[in-house]
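> Sequence and predicted structure, then a few things I'm wondering about:
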Amino acid sequence: MHIEELMFAESGGVPNNPHLPALVYHGALDAGENNAAGIEDRFHANGWRGMWRDGVFDFQHYHTRAHEVLAIARGKARLLIGGPTGKELEVAAGDVIVLPAGTGHRRITASADFLVIGGYPPGQHADIQRGPATDADREAIASVPLPQLDPVFGIEGPVVTRWQRTAS
C-alpha cells in the first residue's frame, strides 16, 4: 500500500486545512475486504461513525466541523481534492481518502458503479459548505479534534501517527 500526503493552501474560497495533510491510501483494502458492509464494519471497529453510502458530490465543498473518510467500495473516479487549484486524483476500489476538516473535494467523473463509504470520527458530523470561507469557518476547522483512531488501521494508522506528529 502506498500512502500519499497532500497539503493545500486556500483555493478559490475553499479554506483547506492549514495544518493537516489529506491522506490517500492507495490499495488499502484488498478484494476480500472491498465491500460496503466490510468497510463499514472496519470503520465502526475503529470508532468512526455517521457512515453513509453514496458517491461524491460533483460540486466543490468542504466540512468545517468534521474530518471525513471516503473509502472506494466499487468502481473508479477522478476527484479534485484541495479546491479549484488542488490536485486531481484517480481513485479506484480499495483506495481510501482521509480529509481533514476544511479540505475541498468534488467528483469530476466516475464509473456507473462508483460507490463510496464515508464516515466521521465520534462526535463529528458533516456540514456541507461551498464557500467562500469565513473567519468563523477557519476557527471551526481549527477546533475540530484529532481522531483517536485511524478509520482503517486503528491506533497505528496514519491518521494517528502522521496527524499527531503534524499537530505537535
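Perfect, I can see it now.

> now the helices for this protein?
For the chain, the helices defined by DSSP state H occupy 36-45, 135-143, 158-167.

> of all these, which lies closest to Ile3?
helix 158-167 (5.6 Å; C-beta to C-beta). Placement of C-beta: from N, CA and C, glycine included.

> just checking, what packs against the closest one?
Where contact means 3 or more C-beta pairs under 8 Å, 6 or more residues apart in numbering; DSSP states H and E, helix 158-167 is packed against strand 22-26.

> hmm, back to that, want to throw the helices of the chain into JSON lines with mean pLDDT?
Shown next, in JSON lines, are the helices of the chain (pLDDT from 0 to 100):
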{"stretch": "helix 36-45", "mean pLDDT": "94"}
{"stretch": "helix 135-143", "mean pLDDT": "97"}
{"stretch": "helix 158-167", "mean pLDDT": "87"}
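
> Output these as JSON lines; include the columns distance to Ala73 and mean neighbour count.
Converted to JSON lines, the helices of the chain look like this (distance: least, C-beta to C-beta, whole Å; neighbours: other C-beta atoms under 10 Å):
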{"stretch": "helix 36-45", "distance to Ala73": "5", "mean neighbour count": "17"}
{"stretch": "helix 135-143", "distance to Ala73": "27", "mean neighbour count": "15"}
{"stretch": "helix 158-167", "distance to Ala73": "19", "mean neighbour count": "16"}
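
> Identify whichever of the ones you listed lies nearest to Asp150.
Of the helices of the chain, nearest to Asp150 by C-beta to C-beta is helix 158-167, at 4.0 Å.

> For the closest one, what is the distance to the chain centroid?
15 Å (C-alpha atoms, centre = their mean, to the nearest Å).

> likewise stretch 94-102?
The answer for stretch 94-102 is 2 Å, by C-alpha atoms, centre = their mean.

> can you check stretch 105-122 too?
Distance, centroid of stretch 105-122 to centroid of chain: 9 Å (C-alpha atoms, centre = their mean).

> Kindly report the same for stretch 120-127.
The answer for stretch 120-127 is 12 Å, by C-alpha atoms, centre = their mean.

> What are the buried residues along that stretch?
Of the residues in stretch 120-127, 120-121, 124, 126 count as buried by neighbour count, 16 or more other C-beta atoms under 10 Å.

> quick one: the helix or strand bottoming out on mean pLDDT in the chain to strand 22-26, angle?
When each helix and strand of the chain is scored by mean pLDDT, DSSP states H and E, helix 158-167 comes last, with a mean of 87. Angle, helix 158-167 to strand 22-26, by axes from the mean of the first three to the mean of the last three C-alpha atoms, to 10 degrees: 150 degrees.

> outside of helix 158-167, which residues touch it?
3, 5, 19-21, 23, 25, 67, 98, 100, 146-151, 154 (C-beta atoms under 8 Å, 6 or more residues apart in numbering).
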